[in-house]
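# Would you be able to build a 3D model of this:
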Amino acid sequence: IDELTGVFSHRYFQIRLAQEVEGATRYKLPLNIVLLDIDYFGNYVEESGEHNGNMVLKKVSELLRKNIRGSDVVVRYGGESFAVILPNTEISAGLSLSNRFNDIIKNYPFAHEQDQPKGKVTASVGIVFLDGQSTEELILCAEKALANAIKKGGDRVEVYSKEQHETEQVGS
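I've put the predicted structure just below:
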């Protein structure tokens with residue numbers, strides 16, 4: 001358990017995700033991974049202080065927990081990022097939930113949010129659907145989708161697509 005936020009830790013995420021990937025693959029069940037990163041979090045902490053930054057992390061983890069099913073798993077993925085494992089979830093439902101996460105965070109009245117570049121605390125979200133990848137590949141795909149959301153200015157949800165990343169690699 002992550003001490004600050006009270007959600008599962010990154011280490012637990014690695015173990016649980018491997019189990020979920022194995023089960024989803026074996027029983028041909030859908031599985032989504034959502035990675036969420038708070039936009040310009042370093043700027044927020046710089047402007048508002050570490051205490052307020054910690055309060056944002058606690059509130060975001062609470063908002064995520066309150067908006068998932070019992071079978072879903074929320075973890076603190078890293079500094080200002082969270083991951084949500086959505087077992088037995090079609091991509092359309094995972095995308096809908098990702099958009100809801102984004103809206104809930106954007107519309108929550110965080111302290112000092114006016115100091116943020118967009119005038120409020122926002123998040124970038126990447127989502128990937130299990131499609132034959134290993135656990136490690138799945139995480140990399142989710143990270144690519146998240147990086148894409150951040151690169152496009154944040155406050156958005158990006159779905160990982162193999163074709164999109166193949167064309168990016170060819171063009172780069």
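
# contacting residues for residue 156?
Counting by C-beta atoms under 8 Å, 6 or more residues apart in numbering, residue 156 makes contact with 102, 124, 125, 149. Every C-beta, even on glycine, is put in place using the N, C-alpha and C of the backbone.

# out of everything not next to it in sequence, what's closest to residue 124?
Spatially, and ignoring its direct neighbours in sequence, residue 124 is nearest to residue 149 (3.9 Å; C-beta to C-beta, 6 or more residues apart in numbering).

# try residue 152
Using C-beta to C-beta, 6+ apart, the closest residue to residue 152 is residue 158 (7.1 Å).

# Let me see the residues that make contact with stretch 86-98.
Outside of stretch 86-98, the residues within contact range by C-beta under 8 Å, 6+ apart are 20, 23-24, 29-34, 36, 67-68, 71-73, 84, 125, 127, 129, 157, 159.

# just stretch 9-28 next, same as before
Here stretch 9-28 has contacts from 1-2, 8, 29-31, 33, 73, 75-78, 83, 85, 87-88, 130, 132-135, 138-139, using C-beta under 8 Å, 6+ apart.
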